[in-house]
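Engineer: Have a look; sequence and predicted model below, questions after that.
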Amino acid sequence: MPSVIASARSSRLGLRATPAQEAVLRRAAEVAHKSLTDFILDAAYQAAEQTLLDQRLFMVSGNQYQALLDMLDRPETDNQRLADLLSRRPVWADT
């Protein structure tokens, strides 16, 4: 990802942070030798790109794709281990 270039910026974003969050961000920006704006924008941009790529791009070979289609076309079979798993109460339901 190209680094953020100040002269190319034309939009303004605003955000609020706790004092602790601001302190961590400022220290990290100093360590990275970037301005606070460049540090936050670079990090946010990388996270946004990764999130979007994770949602829409799957690279597989023709053989892998055909194997997936074949698997989806097969009739379902009983899977006792899956049935057991799905019958259990999830750990997070107890919190």
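Structural biologist: Cool, got the structure. Since we're looking at a predicted model, the values are computed, not measured. Residues are numbered from 1 along each chain as shown.
Engineer: got a pLDDT number for residue 80?
Structural biologist: On the pLDDT scale, residue 80 is placed at 94.
Engineer: could you check the distance from it over to residue 72?
Structural biologist: Counting by CB to CB, to the nearest Å, the gap from residue 80 to residue 72 is 21 Å. Bear in mind the C-beta positions are built from the backbone N, C-alpha and C, glycine included.
Engineer: Take the one helix or strand residue 22 maps to, keep the C-alpha atoms, and write them as CSV.
Structural biologist: For residue 22, the host element (DSSP states H and E) is helix 19-31. The C-alpha atoms that make up helix 19-31 are tabulated as CSV, following Å, rounded to 0.1, in the frame of the first residue of the first chain:
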residue,chain,number,x,y,z
PRO,A,19,-6.8,9.9,26.3
ALA,A,20,-5.3,6.4,26.7
GLN,A,21,-6.0,5.6,23.1
GLU,A,22,-4.5,8.9,21.9
ALA,A,23,-1.4,8.3,24.0
VAL,A,24,-0.8,4.9,22.4
LEU,A,25,-1.5,6.2,18.9
ARG,A,26,0.9,9.1,19.4
ARG,A,27,3.6,6.9,20.7
ALA,A,28,3.2,4.4,17.9
ALA,A,29,3.3,7.2,15.4
GLU,A,30,6.6,8.5,16.9
VAL,A,31,8.1,5.0,16.8
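Engineer: for stretch 41-49, what is the average pLDDT?
Structural biologist: 96.
Engineer: May I see the buried residues of it?
Structural biologist: 41, 42 (16 or more other CB atoms under 10 Å).
Engineer: In CSV, list the C-alpha atoms belonging to it.
Structural biologist: Output in CSV follows, covering the C-alpha atoms of stretch 41-49 (Å, rounded to 0.1, in the frame of the first residue of the first chain):
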residue,chain,number,x,y,z
LEU,A,41,-4.7,6.8,8.1
ASP,A,42,-2.1,4.2,6.9
ALA,A,43,-3.3,1.8,9.6
ALA,A,44,-7.0,2.3,8.9
TYR,A,45,-6.5,2.0,5.2
GLN,A,46,-4.6,-1.3,5.5
ALA,A,47,-7.3,-2.7,7.8
ALA,A,48,-10.0,-1.5,5.4
GLU,A,49,-8.3,-3.1,2.4
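Engineer: Please consider this matter closed, and thank you.
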